[in-house]
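1. predicted model, plus sequence, below.
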Amino acid sequence: MDPGLSPIGPEQVRTLLAGVDTGRNSRTAESLLLSTLGYITDQPDPLDLKIAAAVVAEMREAARTFAPYRETPKVTVFGSARTKLGDPLYQHAYQIAHDLASVGWMVVTGAGPGIMQAAMEGAGRENSFGVSIRLPFEQGANPVIAGDEKYVSMKYFFTRKLMLVKESRAFVCLPGGFGTLDETFELLTLTQTGKGLPAPIVLLDLPGDDYWKTVHAFVTEQLVTRGLVSEADTGLYVLTDSCATASDEITRFYSNYDSIRYVGDHLVIRLRQSPSDEQIDELNASFGHLVSSGRIARVDPFPEEIRHDDHVGLPRIGFEFVKHRSGDLRAMINMLNGFTPQASSPPPEEPSSS
């Protein structure tokens, strides 16, 4: 942003921040403050200014809510608010959340009734986060999470969806209405475009129910056939009607894979176990088309990673990545996980920003 838009320049902003502990975020803090002051002096419409103020306040509240649990892996569960207690889907949501909580995961939902409440009951209040939306025709949080320190209420859908996605390293989508489909397809879009980190996305049906099978058929018969998405993009999600399979898909995803980071044109994949020479050759044979120049190889931490102390103790591979091939990247992660014994993974650390 042009500092000229603000009555206060960079030096004055640094003076204002001199007594504030910004950690390693001083440059970002300066940019945020300059942009905020510039936006105010633009004299925007009052409603626009109210939106900006509310967004920052909501993001701050949500960040403070999640901060104490940064190192605990989280799974977001999406699904209908209209599912009743006696519905088999309710029990399905309860079961998958219970299974994941029992191996160290916390559950994040929209804090409403139906599938959201079922998942929180399965995980338990102590293992649940709620991120609700304030709607004129719905009440507040469900009784499982109401009044808990891990509950936050938001005015805007986009800030709510940001937190439902940003804070989790796995996602389970059960049947639902427009909201569930919106959340699911936005999640797939973020992953497909590389704006979201690779993560297990499970579309969980009931045995004998074809809700997600019908959605998958639409994707393959319409989107793939028309060339609107690639066939590899269907590998971004797993379709199942088994809670055990869903839980295994999530824990197995982190059995070797840890995280990724982009450093310039290079994609760096951090792992728990370094691949052998033979495994590197196998990766290049199967996924060489993802490399724009050179080959997939073991690499040392890049200076940017060292400067931010970003998982520098983990082995890693790196290569110049051909963008827009996220479906194939997911298949590559599956192969990397196949290089290690299949066992429940230890809780993964929170992903770092690039």
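-> Thanks, I have the structure now.
2. please make it C-alpha for all contacts and neighbour counts, starting now.
-> Fine.
3. and the helix or strand bottoming out on mean pLDDT in the chain, how far out from the chain middle?
-> In the chain, no helix or strand scores lower on mean pLDDT, DSSP states H and E than helix 10-17, which sits at a mean of 81. How far helix 10-17 lies from its chain's middle: 34 Å, per C-alpha atoms, centre = their mean, to the nearest Å.
4. cool, and stretch 311-330?
-> 17 Å.
5. from what I see, Gly140 and Gly112 are in contact.
-> Yes: taking C-alpha atoms under 8 Å as the definition, Gly140 is a contact partner of Gly112 at 7.4 Å.
6. intersection of neighbour lists for those two?
-> Jointly contacting Gly140 and Gly112 under the rule C-alpha atoms under 8 Å, 6 or more residues apart in numbering are Ser132.
7. ok, then the element right after the least confident helix or strand of the chain?
-> helix 26-41 (DSSP states H and E).
8. in that following helix, what's buried?
-> Buried residues in helix 26-41, defined by neighbour count with 16 or more other C-alpha atoms under 10 Å: 29-31, 33-39.
9. wait, which of those is closest to Glu167?
-> Proximity of the buried residues of helix 26-41 to Glu167 (C-alpha to C-alpha) peaks at Ala29, which lies at 21.1 Å.
10. how close does that closest one sit to Ile40?
-> Distance, Ala29 to Ile40, by C-alpha to C-alpha, to the nearest Å: 17 Å.
11. just Glu282 next, same as before
-> 55 Å.
12. ok, now Gly313?
-> Counting by C-alpha to C-alpha, the gap from Gly313 to Ile40 is 44 Å.
13. Gly196 in helix, strand or coil?
-> coil (DSSP: H, G, I helix; E, B strand; the rest coil).
14. mind listing what it touches?
-> So Gly196 contacts 187, 190 (C-alpha under 8 Å, 6+ apart).
15. mind redoing it with 7 Å?
-> Leu190 (C-alpha atoms under 7 Å, 6 or more residues apart in numbering).
16. backbone dihedrals for it, please?
-> phi -110, psi 150 (degrees, to the nearest 10).
17. against Ser168, how distant is it?
-> Counting by C-alpha to C-alpha - Gly196 and Ser168 are separated by 11 Å.
18. before we move on, what about Arg125?
-> Where Ser168 is concerned, Arg125 sits at a distance of 17 Å (C-alpha to C-alpha).
19. same check, this time on Trp105
-> Taking C-alpha to C-alpha, one finds Trp105 at 10 Å from Ser168.
20. shared neighbours of those two, which are they?
-> Common neighbours of Trp105 and Ser168 (C-alpha under 7 Å, 6+ apart) are 73-75.
21. which ones among these map onto strands?
-> Judged by DSSP state E, the shared contacts of Trp105 and Ser168 include 74-75 as members of strands.
22. could you give the mean pLDDT of the longest helix seen in the chain?
-> Longest helix in the chain by number of residues (criterion: DSSP state H): helix 46-66. In this model, helix 46-66 has a mean pLDDT of 95.
23. who are the packing partners of that helix?
-> Judged by 3 or more C-alpha pairs under 7 Å, 6 or more residues apart in numbering; DSSP states H and E, helix 46-66 is in contact with no other helix or strand.
24. so what touches it?
-> Contacts of helix 46-66 (C-alpha under 7 Å, 6+ apart): 149-150, 152, 154, 159.
25. again, only this time at 8 Å
-> Contacts for helix 46-66 (C-alpha under 8 Å, 6+ apart): 40, 149-152, 154-156, 159, 163, 167.
26. taking the residues you listed, please make a PyMOL selection of just the buried ones.
-> Per 16+ other C-alpha under 10 Å, the buried members of the contacts of helix 46-66 correspond to this PyMOL selection:
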select buried, resi 150+151+152+154+156+159+163+167
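27. from the contacts of helix 46-66, which ones fall inside strands?
-> 151-152, 154.
28. what about the helices in the protein?
-> 10-17, 26-41, 46-66, 88-101, 115-123, 157-166, 178-193, 211-218, 243-253, 277-287, 303-307, 326-338.
29. so which of those helices is the most packed in?
-> With neighbours defined as mean count of other C-alpha atoms under 10 Å, the helices of the chain peak in mean count at helix 115-123, which reaches a mean of 28.
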